[in-house]
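>>> please find the sequence and the predicted model below.
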Amino acid sequence: MNNIRKNRWKDQVFKIWGIFCTLIGLVLLVVFIGDILIDGLTRINWDFITNLPSRKPENSGIYTALMGSIWILLLTTIIAFPIGVAAGIYLEEYSKKNRLSGLLEINISNLAGVPSIIYGLLGLEVFVRIMNLGASVLAGSLTLSLLILPIVIVATREAIKAVPSSIKDASYALGASKWQTIWHQILPASGGGILTGVILALSRAVGETAPLIVVGALAYVPFVPQSPLDEFSVLPIQIFNWISRPQAGFIENAAAAIIVLLAITFVMNGIAVYFRNKWQKKWK
Amino acid sequence: MKKIITIIALAFIVGACGNKKDQSEKAENDSGNLEGTIKVDGSSTVFPITEAVAEEFRSVQPNVKVTIGVSGTGGGFQKFSRGETNISDASRPIKDKEIEACAANNITYIELEVAYDGLAVLVNPENDWVDNFTVEELKKIWEPAAQGTIMKWNQIRPEWPNEEIHLYGPGIASGTYDYFTEAVVGKSGSSRGDYTASEDDHVLVQGIAGDKFSLGFFGLAYYTENQDKLKLIGVNNGTEVVKPTLETVSTGTYAPLSRPLFIYVNSTSVKSPEVVAFVHYYLENAGELSTDVGYIPLPTELYTKQKEDFQAFVESNK
């Protein structure tokens, strides 16, 4: 009897501890976002979005940095999406379980944990110097693609694994080839999961600073990139640059730019959730 | 038909005249017609000045695209020595190794001073015992040997309180740290390790403002923006106690803690008229613009002299 009560008591204690732990992250996030909103919300207006950077905080805007971020986002999607998904499909459906595939798997997991600045150094040497792309949007996008490829591959594999084997078996039973099964059954069934993974990986890419600084992304560019070979700046670099300025006005600007960046990632995560729900309904 | 031909011919003549006029104007005063890209990279300390100049230059020469990176003084020189940039921002003079790298790639250049930056030594406003430091005292506090031994205020001057001294300073990767250690300890990059270091100077401001027994240093601009939270300490240069101000930094009496900021211009680049125009514009306006962003202008005659030096450099590289 006493033992049961003791166990219930332990259960309660753990429950409260669990609630506390869950709240830590949430409360910190709310405090952080609240602080940023108070600092920066009044600064956001159309001029702030469309102005070029300036030495006077009140005249500064994020136009070129925002456009640079959008360029980077689009190019990174175009590069990383097909490569990552194809690699995921290969590893999950085609590769045989042998030593080589084991080695590949370990390496991909390891790559996901490599600090992002290392990718920047790789990008500087391979894309900027050897391939002679210069400090261009393309070089930056290729670098960020490498950075998020492991995440995309792992997400694709998990999504494919989650497809019930009954669907695959049924497809084969009807005489479909492997490719037909993948294209007509597995990919539609796992599409939501794959897209979710890709979008979450991209929202990580859009917040990266270190690798792009190493690659040579600029802090001041008075023009929007016209082609993938043009130079660029991105929002996180603009924020970093403003945060380190002594004048209080720039701190406000940084807060406002952070709100814009947060809005972009929230929208992307929202899209990810939307796709996931849509696909889930379809396949229930 | 004849009429049409006449009109077309007339149009051509008028058009041709227009072109001629444009060209002659261009040759005459060079204003607003230059095109091209100027690549600048280097120190993040110099960045605000170059950004301000680039911003104003845009209204004079709207078709010249100036891009500025912040790879740091060292990173900037690395690109400069490979010929990847036209101008390099630097918060210290070029080092021997970097000079060799430039020579290896046949890159010659001119060094131009554009402004001064003062390093401020600060304590908490509640600190009522410190009025000034000598350079020796600063050395005693910050040198590597002080680590673990110089821990209390009364070890520096016996009349100061028997309380722990809490040190704040920029991280070892910053040019400010390099300069302070060079000027105070005597060797760049050599100091005690047990101090609160931050790459973000706002953190240092907060740290000193909230700690009665604190002592720290950083760029003068951060003090100017936070005067109510900090107490500025004068430095005894051997003859008198000097606080960093516009005059004392500009005239060099605030020694040894004021430093010049530089730009380096590649000699091949000055063959392009837009680079020449930009550098002239830079030297013309650096005084006013550096004040805007929190630095201290050079004396006017130094700007004039450098403009002449630069003109001579341009002529010799034509």
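Structure's in. What do you need? The shown structure was predicted, so the numbers you read here are calculated from the model rather than taken from an experiment.

>>> so how far is the top helix by length along chain A from its chain's centroid?
Among all segments of chain A classified by DSSP state H, the helix with the greatest residue count is helix A:2-40. A distance of 27 Å separates the centroid of the chain from that of helix A:2-40, by Cα atoms, centre = their mean, to the nearest Å.

>>> which strands or helices does it pack on?
Using 3 or more Cβ pairs under 8 Å, 6 or more residues apart in numbering or on different chains; DSSP states H and E as the contact criterion, the elements in contact with helix A:2-40 are helix A:248-283. The way it works is simple: take the backbone N, C-alpha and C, and place the C-beta from them, glycine included.

>>> how about B:T45, what does it touch?
Residues in contact with B:T45, defined by Cβ atoms under 8 Å, 6 or more residues apart in numbering or on different chains, are B:73, B:89, B:91, B:117, B:175-176, B:219, B:261.

>>> these in helices, which ones?
B:73, B:175-176.

>>> burial count for residue 137?
In the absence of a named chain, chain A is used. As a burial measure, the neighbour count of A:V137 was computed by other Cβ atoms under 10 Å in any protein chain shown and equals 26.

>>> switch to chain B, please.
Other residues near B:E137 number 17, with proximity taken as other Cβ under 10 Å.

>>> is it true that it lies in a helix?
Yes - checked against DSSP: H, G, I helix; E, B strand; the rest coil, B:E137 lies within a helix.

>>> how about it, nearest residue that isn't a chain neighbour?
Counting by Cβ to Cβ, 6 or more residues apart in numbering or on different chains, B:I156 is the residue found nearest to B:E137 once chain neighbours are left out, at 5.5 Å.

>>> which residues touch the host helix or strand of A:N107?
Per DSSP states H and E, A:N107 falls inside helix A:99-112. Residues from elsewhere that reach helix A:99-112, judged by Cβ under 8 Å, 6+ apart: A:91, A:95, A:149-151, A:153-154.

>>> relative to chain A, which of the contacts of B:T45 is nearest.
Compare each of those with chain A using Cβ to the nearest Cβ and the shortest gap goes to B:G219, at 7.3 Å.

>>> what parts of the stretch 201-318 of chain B come near chain A?
Taking Cβ under 8 Å from any Cβ of the partner chain as the contact definition, the stretch 201-318 of chain B meets chain A at B:201-202, B:219, B:221-222, B:224-226, B:289, B:292-294.

>>> whichever of these end up buried, select them in PyMOL.
Command for PyMOL that selects the buried part of those, burial taken from 16 or more other Cβ atoms under 10 Å in any protein chain shown:
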select buried, chain B and resi 201+202+219+221+222+225+226+289+293+294
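
>>> circling back: and the next helix or strand after the longest helix of chain A, C-alpha only, in PDB?
Past helix A:2-40, heading to the C-terminal end, the next element that is a helix or strand (DSSP H and E) is helix A:46-50. Taking C-alpha atoms only, helix A:46-50 is exported to PDB below (Å, rounded to 0.1, in the frame of the first residue of the first chain):
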ATOM      1  CA  TRP A  46       7.600  49.800 -46.400                       C
ATOM      2  CA  ASP A  47      10.700  52.000 -46.500                       C
ATOM      3  CA  PHE A  48      12.600  49.600 -44.300                       C
ATOM      4  CA  ILE A  49      11.900  46.800 -46.800                       C
ATOM      5  CA  THR A  50      12.800  48.800 -49.900                       C
END
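
>>> buried sites along helix A:46-50?
Neighbour counts using 16+ other Cβ under 10 Å place A:F48 of helix A:46-50 among the buried residues.
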